[in-house]
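Novice: here you go, sequence then predicted model.
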Amino acid sequence: MNPKIKKTMETTILKISAIVLLSSLMWAGCKKESIQKSEDKTLNITYQNYLGCKQDLKSTSNEQYIKLEALGTNQLHVQFINVELNCCPGKLNSIAYMTNEKMKIVFQEEKPAQCNCMCYYDLECIIDSLENREYFVEVYAHGEKPKAKFSFYYSEHFNKIINISNN
């Protein structure tokens with residue numbers, strides 16, 4: 001075989017191999033990027049409040065529920081009624097964030113005091129900048145296990161009550 005033709009063939013094979021290798025790496029890189037999980041995104045809480053301790057509740061009137069109501073075109077008013085917490089919880093705080101397409105709403109005790117009693121509270125917050133779409137939600141209060149899991153479709157006329165079993 002002519003040395004000139006042999007060198008041209010080797011160069012051509014080398015170029016084709018390099019193109020195939022680069023194409024494979026680019027395709028693999030794109031594929032990985034498309035399946036990566038999204039990072040947590042903190043949602044803006046524009047208002048938070050709590051009422052309690054409701055020591056006078058009778059055992060028949062301590063039904064827990066979550067009330068959701070749209071305010072305007074992009075805010076959600078969340079009320080968690082009759083949440084059982086420490087009777088001296090310290091400061092209560094509300095946090096909301098999106099993680100892996102789930103909205104997590106957390107009502108937490110910042111510095112819980114060491115009390116040996118429990119009572120019921122009404123917790124509320126307003127979450128800003130929601131979009132008209134379906135949300136999958138987990139609500140947490142006093143623990144790492146969600147108190148409620150549900151989904152809803154947000155729109156400016158949205159209003160819903162979610163009953164929570166005490167099991």
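Specialist: Thanks, I have it.

Novice: of all the residues in stretch 126-145, which ones are buried?
Specialist: 126-127, 130, 135, 137-142 (16 or more other Cβ atoms under 10 Å). (C-beta placed from N, C-alpha, C; glycine too.)

Novice: correction: stretch 70-78
Specialist: Quick answer for stretch 70-78 (16+ other Cβ under 10 Å): 70-71, 75-76, 78.

Novice: wait, Glu101 sits on Val137?
Specialist: No: applying Cβ atoms under 8 Å, one finds Glu101 not in contact with Val137, separated by 11.0 Å.

Novice: need the residues touching each of those two.
Specialist: Here Glu101 and Val137 share no contacting residue, scored by Cβ atoms under 8 Å, 6 or more residues apart in numbering.

Novice: what's the first helix or strand after the lowest-mean-pLDDT helix or strand in the chain?
Specialist: Least confident element among the helices and strands of the chain, by mean pLDDT, DSSP states H and E: helix 3-35 (a mean of 54). Next helix or strand after helix 3-35 toward the C-terminus (DSSP states H and E): strand 41-43.

Novice: name the strands paired with that next one and say parallel or antiparallel.
Specialist: Applying DSSP bridges, strand 41-43 is found paired with strand 92-99 (antiparallel).

Novice: can you give me the mean pLDDT across the helix or strand following the partner strand?
Specialist: Note on strand 92-99: by DSSP H and E, the next helix or strand toward the C-terminus is strand 102-109. The predicted model assigns strand 102-109 a mean pLDDT of 92.

Novice: and strand 102-109, what does it pack against?
Specialist: Other helices and strands packing on strand 102-109, by 3 or more Cβ pairs under 8 Å, 6 or more residues apart in numbering; DSSP states H and E, are strand 75-86, strand 92-99, strand 118-127, strand 134-141.

Novice: understood, closing this out.
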